[in-house]
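**Q** okay, here's the prediction I keep looking at, along with the sequence it came from:
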Amino acid sequence: MAASADQNSSRTAGDDRNLVTIDENYLAPTFEDRVVMFWEKHGKTVITLIVCVVLGLFGRWGFQQFAEARERAVSAEYAAANDAASLRAFADARPTAPLAGAALLRLADEAYLAGNFTAAQADYEAAAKVLVGSPLGDRARLGQAISKLQAGDAAGARTGLEGLANDVAASRTLRGESAYHLAVLDRDAGKPAEASKWTELVLASDPSGLWAQRALQLRMSLPEPEAVAPAAAPAATEAAAESASEVSFPGSNPER
C-alpha cells in the first residue's frame, strides 16, 4: 500500500512539472490561444469601442429623425402661408431655411408685378442670399438686377447683369437673358459693338433658347460700328427708360 501511494505521488508530481503557461512567450500558441490572449489583454477596450459605435449610430439616427420632423414642420408652415403677410412672417421666423428664400422670392415677384420695384429689389436680394448657389438664387439675382433697371438704376442693373451673364455656374437660360438685357442697354447707349458682343454671349450660352432668337433679331437691327455718328451717350436713366419695353418679367418666357 505504501509503495502504491508513493507511485501515485510520483505521477502527480510529474504531471505538475509538465503544465505550461500559455502566454505571448509560448512558442507555438494555437489560434484559439491567440484569441484568448487578445481578449484577456484588450477585451475591455473592444467592449468600450463597440458601445461608443452603437451610441454614435443611435445618436445619428435620432438626429436624422429630428431633422426630418423639423423639415416636415417647416414645409407645413410654408404650405400654410397663402398671403403676403403670412409669407413675410414665415421668412422672418425661419431666416436661414431654404423655404424662407422661396417665400421671399414670391414676395419679390408680387412686388415686381405690382410695379413696386424698390420693394422687389430688397426681397430679391434677401432671397438670393438665402438661396445662394441654387437656380432659384440665380433667378433672384436676375430679378434684383431687372428691378433696378425698371427703377431707372441702369448702372446698378448692369453690375448685376454682368455678374450673372459671366457666371458659368448659372443656368444657360438666365445667363442668356442677362446678356440680352446688357445688349439692349448698350444698343440704347449707342454702343453697337458692345451690344453685338453681348448677343454673341447669348448665342454661346443658350443657342437654342428663346433669348437667342431675340438676340439674333437685335443683332440684325444693329448698325455697323462705322456708321454710328459720334455723339454723347444718353444718360443711364434715359437708357433704362427707353429699354423698358424690352424687359419682361425676370426669369420668364420672353415669348409670353
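**A** Thanks, I have the structure now. Numbers count the residues shown, from 1 in each chain.

**Q** for residue 224, see how far away the closest residue to residue 105 other than its chain neighbours is.
**A** Nearest-residue entry for residue 105: residue 127, 4.3 Å, with adjacent residues in sequence omitted and distances by Cβ to Cβ, 6 or more residues apart in numbering. Quick note: C-beta positions are derived from backbone N, CA and C, even for glycine. Plainly put, residue 127 is 42 Å away from residue 224 if you go by Cβ to Cβ, to the nearest Å.

**Q** look at these two and report which has more neighbours.
**A** Taking neighbours as other Cβ atoms under 10 Å, residue 127 and residue 224 compare with residue 127 leading, 28 against 9.

**Q** was I right about that one contacting residue 111?
**A** No: Residue 127 sits out of contact with residue 111 when judged by Cβ atoms under 8 Å, with a separation of 11.4 Å.

**Q** looking at the helix or strand hosting residue 219 now, give me its mean pLDDT.
**A** With secondary structure defined by DSSP states H and E, residue 219 is part of helix 210-221. Taken as a whole, helix 210-221 carries a mean pLDDT of 92.

**Q** pull the residues that contact that helix.
**A** Helix 210-221 has contacts (Cβ atoms under 8 Å, 6 or more residues apart in numbering) with 173, 176-177, 179-180, 183-184, 187, 195-196, 198-199, 202-203, 206, 253-255.

**Q** apply 6 Å and report the result again.
**A** 176, 177, 180, 183, 196, 199, 202, 203, 206, 254, 255 (Cβ atoms under 6 Å, 6 or more residues apart in numbering).

**Q** what does stretch 132-144 give?
**A** Against stretch 132-144 from outside (Cβ under 6 Å, 6+ apart): 105, 108, 121, 124-125, 127-128, 131, 160, 164, 170-171, 174, 250-251.

**Q** among those residues, name the ones in helices.
**A** Counting by DSSP state H, the part of the contacts of stretch 132-144 found in helices is 105, 108, 121, 124, 125, 127, 128, 160, 164, 174.

**Q** highest neighbour count among these?
**A** Most surrounded of the ones in helices among the contacts of stretch 132-144: other Cβ under 10 Å gives residue 124, at 30 neighbours.

**Q** that one and residue 108 touch, don't they?
**A** Yes: look at residue 124 against residue 108 with Cβ atoms under 6 Å: they come within range, at 4.3 Å.

**Q** quick one: low-confidence parts of the chain?
**A** For the chain, the stretches with pLDDT under 70 are 1-29, 33, 35, 54-74, 225-249, 251-256.

**Q** swap the cut-off to 80 and go again
**A** For the chain, applying pLDDT under 80 flags the ranges 1-77, 79-81, 224-256.
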